[in-house]
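J.: how would this look folded up:
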Amino acid sequence: MKPRFRTGQPVTVLQAWPRTHCRTPFYCRGKTGIIERLCGAFRNPQELAYSGEGLPKSPLYRVRFRQQDLWPGYRGKSEDTVDIELYEFWLEPAA
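T.: Residues are numbered from 1 along each chain as shown. Below you'll find the predicted structure:
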């Protein structure tokens with residue numbers, strides 16, 4: 001599968017609430033970050049958790065978020081960031 005996003009592109013994490021196993025932290029859903037890098041393509045862990053094949057493989061990205069955008073009232077430095085690895089099916093282009 002060809003990656004949909006490129007390094008430096010702003011993306012927003014879907015605000016989804018699946019009933020199944022999920023590797024996407026709640027605190028980043030609906031938030032916007034920047035693609036830091038493409039990590040490769042891997043089988044879907046949400047399907048693998050339920051004995052599925054996890055295919056086709058999906059691109060996995062490292063997305064960088066400003067901490068003040070993730071946590072209201074964050075009192076650290078404005079340049080503090082956190083990187084989260086997210087599968088492409090959780091991302092959409094930022095508005």
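
J.: hmm, residue 64 is touching residue 31, no?
T.: No. Using CB atoms under 8 Å, residue 64 is not in contact with residue 31; the gap is 11.3 Å. For the C-beta atoms, the positions are set from N, CA and C on the backbone; glycine is no exception.

J.: which one's more surrounded, these two?
T.: Higher neighbour count among residue 64 and residue 31: residue 31, with 19 against 15, using other CB atoms under 10 Å.

J.: just list what the biggest strand by length in the chain packs against, helices and strands only.
T.: Longest strand in the chain, counting residues (DSSP state E): strand 32-42. With contacts taken as 3 or more CB pairs under 8 Å, 6 or more residues apart in numbering; DSSP states H and E, strand 32-42 sits against strand 10-13, strand 58-66, strand 81-87.

J.: in its sheet, what does it sit against?
T.: Applying DSSP bridges to the sheet, strand 32-42 is found paired with strand 10-13 (antiparallel), strand 58-66 (antiparallel).
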